[in-house]
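Asker: sequence and computational prediction follow.
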Amino acid sequence: SQPLHAALATVDTDYTALRSRHTAIHTAWYDRSRLDLDVSAADRRLSVSELITRQNNNQSVIDIALLERLYDSGRYLFISSSGILPPRLTGIWTGTWTGAWADDFTTDANINLQVAGGNILDTTEAMQGYFTLVLGQLAQWRTNARNLYGARGFLAPSRTDGEYGHMLHFDTGFPGQTWTGGADWLLYPLVEYWEVTGDQAFLRDKLGPALIELALFYEDFLTRTDSGGKVVWAVLSLC
């Protein structure tokens, strides 16, 4: 902990200065998109508690002022909890060692949905943590594909602590080893990033090679055919 203590000792402790420096960065990201439902200025001044109370008192119609605030909240939480790695399933503010779902990255659906707006809403800086997580585990994905299916390419795990991508979840509730579509699901946000940015270096050096190797898994995995000679594809439902 000593290097961390030493680094913290050099940080300016003036709250106003620290907040001003942070606000300049955060606001630039936050203001890149906005949901405007033509809510009145008076409604936009209401607190979240007041909006929730009003919604609860009339559940027959969606309170559009609350809907706007939910959009703002989601964008704020996504930006604030993104960093070296993407947000975990339960965020970063649980304040417990025994958080729901082990406070992990649940890759079978959740993490992809959590970052779904990161590219199209122009917060691509916050997506870098997601790219670090996915691209940093490709070696373990290769091991999964080889050990479980004798295949080339990738087999992604359904959960990870962020340190490794080995497949370790084989329970009956969600047999992760049969989630054969996982790697392309997790690589899709990288495709979106390239689509919205046109980053050719990213396509050439990172995304392209990963997609090519991903295809190798299906070449080896899809070996069964039906009576008509068509390839049979077994799919694990997430529902």
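Answerer: Nice, thanks for sending it over.
Asker: which stretches of the chain have low pLDDT?
Answerer: 234-239 (pLDDT under 70).
Asker: what comes up buried for stretch 28-44?
Answerer: Neighbour counts over stretch 28-44 (16 or more other CB atoms under 10 Å) mark 29-30, 39, 43 as buried. In this view, the C-beta of every residue, glycine as well, is placed from N, C-alpha and C.
Asker: contact partners of it?
Answerer: 51, 64-65, 67-68, 71-72, 75-76, 79, 121-123, 125-126 (CB atoms under 8 Å, 6 or more residues apart in numbering).
Asker: what's the answer for stretch 17-26, then?
Answerer: With contacts defined as CB under 8 Å, 6+ apart, stretch 17-26 is touched by 11-12, 79-80.
Asker: whichever of the contacts of stretch 28-44 end up buried, select them in PyMOL.
Answerer: Buried residues within the contacts of stretch 28-44, by 16+ other CB under 10 Å, are selected in PyMOL with:
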select buried, resi 51+65+68+71+75+79+121+123+126
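Asker: please narrow the contacts of stretch 28-44 to those residing in helices.
Answerer: Among the contacts of stretch 28-44, the members falling in helices (DSSP state H) are 51, 64-65, 67-68, 71-72, 75-76, 79, 125-126.
Asker: can you list the residues you listed in TSV and add distance to Val134?
Answerer: Output for the ones in helices among the contacts of stretch 28-44, formatted as TSV (distance: CB to CB, whole Å):
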residue	distance to Val134
Leu51	36
Ile64	36
Ala65	37
Leu67	31
Glu68	32
Tyr71	26
Asp72	28
Arg75	22
Tyr76	24
Ile79	19
Glu125	16
Ala126	14
